[in-house]
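Enquirer: dropping the sequence and predicted coords here.
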Amino acid sequence: MTWAEQQGAPASKNPEDRSTEFVAVQGGGESTSAESLLVAAYLVMWAALLAFVFFTWRKQGALEKRIEKLDDVLRKSVGKT
């Protein structure tokens, strides 16, 4: 049984019998507007991007310090031989 049949509407098998224009739903229970969802999605994406850049920047700094230490060790070992 289709939804239309459950609602008491006659089930139409012919595509020409169906409505061809937009009919707004009456009494919809949406509690959040599309605009606020869009803004929230953009905020989440920007926050994720900024977090990614921040953590990458920190990791890059740690790698630079490690490379400097390795460079110092190599210079000292080359100087001893």
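Expert: Arrived safely, thanks for sending.
Enquirer: hey, where'd the helices end up in the protein?
Expert: 3-6, 34-80 (DSSP state H).
Enquirer: turn the ones you listed into JSON lines, columns for distance to residue 20, mean pLDDT and mean neighbour count.
Expert: Where C-beta positions appear, they are placed from N, C-alpha and C, glycine not excepted. JSON lines is the format used below for the helices of the chain (distance: least, C-beta to C-beta, whole Å; pLDDT from 0 to 100; neighbours: other C-beta atoms under 10 Å):
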{"stretch": "helix 3-6", "distance to residue 20": "16", "mean pLDDT": "61", "mean neighbour count": "9"}
{"stretch": "helix 34-80", "distance to residue 20": "24", "mean pLDDT": "95", "mean neighbour count": "10"}
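Enquirer: next, format the ones you listed as JSON lines and append distance to residue 18.
Expert: Shown next, in JSON lines, are the helices of the chain (distance: least, C-beta to C-beta, whole Å):
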{"stretch": "helix 3-6", "distance to residue 18": "10"}
{"stretch": "helix 34-80", "distance to residue 18": "26"}
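Enquirer: so which of those helices is nearest residue 26?
Expert: helix 3-6 (16.4 Å; C-beta to C-beta).
Enquirer: before we move on, back to that, so which of the helices of the chain is nearest residue 14?
Expert: The nearest among the helices of the chain, by C-beta to C-beta, is helix 3-6 at 13.3 Å.
Enquirer: for residue 22, give me phi and psi.
Expert: Dihedral angles of residue 22 (phi, psi; degrees, to the nearest 10) stand at phi -70, psi 130.
Enquirer: before we move on, back to that, closest one to residue 27 among the helices of the chain?
Expert: Using C-beta to C-beta, those put helix 3-6 closest to residue 27, at 16.7 Å.
Enquirer: just want the most central residue of this structure.
Expert: Taking C-alpha atoms, centre = their mean, the centroid of the chain lies closest to residue 45, which sits 5.7 Å from it.
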